[in-house]
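1. I'd like to go over a predicted model; first the sequence, then the structure.
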Amino acid sequence: MITNPFCEPLKGSGDQIHTGRVIPIHSTTQGVSTTQIRRFVHTALQRYGSLVADPLPGSLVEARGLMSREAAIREVHFPTSEKQMRAARHRLVFEELFVLSSGLAIRKRRLERTADGIAHPDVSDVEPFLTSLPFEPTRAQRRVIEEIAADMARGRPMNRLLQGEVGSGKTVVAVAAALIAHASGSQTAFMAPTEVLAEQHYATVKQLLEPLADRAPVETGKLFGDGFEVVLLTGSVTGKERKRALEKAASGEAMILVGTHALIQEGVELHRLGLAIVDEQHRFGVHQRIALRAKGVEGAQPDTLIMTATPIPRTLSLTLYGDLDVGTLDEMPPGRMPVTTAVARDEFSRARAYRMIRTEVARGRQAFIVCPLVEDSASLEVKAAESEFERIRSEVFPELRVGLVHGRMNATAKEAVMTAVRRGELDVLVATTVIEVGVDIPNATVMIVEDADRFGLSQLHQLRGRVGRGTDPATCFLFTAIDPLAEEARADAMTRLNAMASTNDGLKLAELDLELRGGGQLFGRGSIEEGKGAPAQVGRGDLRFANLTRDLDVLVEARREAFSLVDDDPTLASSSNGALLSEVRRRFADRLDWLFAS
């Protein structure tokens, strides 16, 4: 007996579409079967296959022994053999990564070629600053500062990414860079994504520079006549305080201007911007970063230092950040202890976590409880910060000082809460992911993350980094309602949580995160939007054929060839590269608009 037979009439040519060969299985949509799609594709290739333009230069195709684009497309749809199918796939993967790398190379070379920068060759303030610190800088900090100093000494604008784990000392490096700019008469704008983080940076920068306050100011004409002046500018800075901050920025009295997106608002003028620092850059849009650089002196682009505490896998550093020079703080200051992380599910674990909070508070320490939502949702059975705050302070810890902070609170209210935490006036803080970035409370030693399966790996790692910032041991409890034997649809969530419990290595977690969300996904879609509570849906991917976790070797080769080509033809102006330029714009300009933005 034949089950589900399929018949195809024999044709005179013997060219069957559906039988007698390896056939493709296409994704279908309602009303269109895979058989129909196969027939449509076959007809399109028969009629128009010869018109397919090849973006790769002929010399490159020949030198690398690649299949032509037309042949590769035919083979992936209707393979003649397994060997040919592999060759076709390799060709299309190489092409995709080569096109992307070409766009990155164009961007990088154009900035180096056309943008005039400000040379900052004087590093005389750096060593006194490092010597004045109450701790010994790590070798990694010194190495990265030397790299930045070399970049800033050139006449071309620096375009550098600084990555480092939470607590690795990025702010010290940023202040050292600001001192280099200051020594040549330039100002620094330091932009952070939230007011909480901006205010913390402001306090930290002032504290780091305080030992240098008694030194004679650097002789730079009238600029910085009062020494190392640091000014804060956020949406909460108003009235006379804002007016004075703007005056100091415009006159050059301010050495460093720390703030949020308020720095790029109309009416904010800087006397001589020489260095733009952007912290947690992934939280800013392209145009915001460009607007900050535009505050520089007319005709001279400032040096740019982008900082991130989210470790970047090598594949992403070669692609998404491929036009930047990357510096890594791969060494932690001595005395920092790894955070013990436990996945918790039952009430016994919850009782243990609450006991630990009581014990730590009795020792003078503090704790965080993080919830994915601000308020309760009718459609989601997850904990919300507002209701959990009421429960915690009235039922669980009525004897403790419990506070609440979330993203819907106004800036003044948020800062009042965070100030109370910093002063030790609160024992337990119930929060949303508003504390994910930059909150520095060395006294915090316990964290509970509710419904931790709702968060992505990067977010969990950042949240965990809020505890254990001092010299005391710290613990992070990741609570989840997921059964360990849950259906495969939710298996990734357990993989994330188990990975968090097994390592504190942010780079390992970043590699796993990339693998879980798909090696073709260049851009994370985020995990949970505060107040909405649902993980963002992952799309089909930014790469159609390549998988960054699988095709690293191909990526390295494609990048080398692309940068070599752009070195010879920086704008792809030659006729032989016209198809490549069109393909770069068509494939990636809509997602990577910064490729073509100054």
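-> On my side now, so go ahead. Computed from a predicted model, the values in this text were never measured in an experiment.
2. ok, and what's touching stretch 126-143?
-> Contacts of stretch 126-143 with the rest of the structure, by C-beta atoms under 8 Å, 6 or more residues apart in numbering, involve 145, 149, 164, 168-169, 172-173, 175-176, 179-180, 208-209, 211-212, 215, 328-334. (Glycine included, C-beta is placed from N, CA and C.)
3. pull out the buried members of those.
-> Applying a neighbour-count criterion of 16 or more other C-beta atoms under 10 Å, the buried members of these are 145, 149, 164, 168-169, 172-173, 175-176, 179-180, 208-209, 212, 328-330, 332-333.
4. which residues are in contact with Arg464?
-> Shown in contact with Arg464 (C-beta under 8 Å, 6+ apart): Val339, Thr341, Met447, Val449, Cys476, Met500, Asn504.
5. give me the phi and psi for the fifth one.
-> To tie it back to what came earlier, the one meant is Cys476. In terms of degrees, to the nearest 10, the main-chain angles of Cys476 are phi -120, psi 120.
6. what bridges to it?
-> Listed by DSSP bridges, the beta-bridge partners for Cys476 are Thr341, Met447.
7. and the buried ones among the contacts of stretch 126-143, which of them are in helices?
-> Secondary structure assignment by DSSP state H places Ile145, Ala149, Val172, Val173, Val175, Ala176, Leu179, Ile180, Leu208, Leu209 of the buried ones among the contacts of stretch 126-143 in helices.
8. so what's the residue count around the residue nearest to the third one when sequence neighbours are not counted?
-> It stands for Val172. Counting by C-beta to C-beta, 6 or more residues apart in numbering, Val172 lies nearest to Gln141, which is 6.0 Å off, once chain neighbours are set aside. One way to gauge burial is a neighbour count; for Gln141, by other C-beta atoms under 10 Å, it gives 22.
9. which element is Gln141 on?
-> Assigned by DSSP states H and E, Gln141 belongs to helix 139-153.
10. let me see the backbone angles for the closest residue to Ser582 other than its chain neighbours.
-> Counting by C-beta to C-beta, 6+ apart, Pro55 is the residue found nearest to Ser582 once chain neighbours are left out, at 7.3 Å. Summarising the backbone geometry of Pro55 under the convention degrees, to the nearest 10, its torsions are phi -70, psi -20.
11. switch to numbering from 845
-> In the new count, where the first residue is 845, that last one comes out as Pro899.
12. surely Pro899 touches Glu940?
-> No - under the criterion of C-beta atoms under 8 Å, Pro899 lies out of contact with Glu940, with a separation of 10.0 Å.
13. who has more neighbours out of these two?
-> Set side by side, Pro899 and Glu940 show more neighbours around Glu940, with 24 against 20, by other C-beta under 10 Å.
14. what strand or helix carries the more buried one?
-> helix 926-958.
15. got it, and Val1102?
-> With DSSP H and E as criterion, Val1102 is part of strand 1100-1103.
16. how about the contacts made by Ile1100?
-> For Ile1100, the set of contacting residues under the criterion of C-beta under 8 Å, 6+ apart consists of Val1019, Ala1022, Gln1031, Thr1032, Ala1033, Phe1034, Val1049, Phe1072, Glu1073, Val1074, Val1075.
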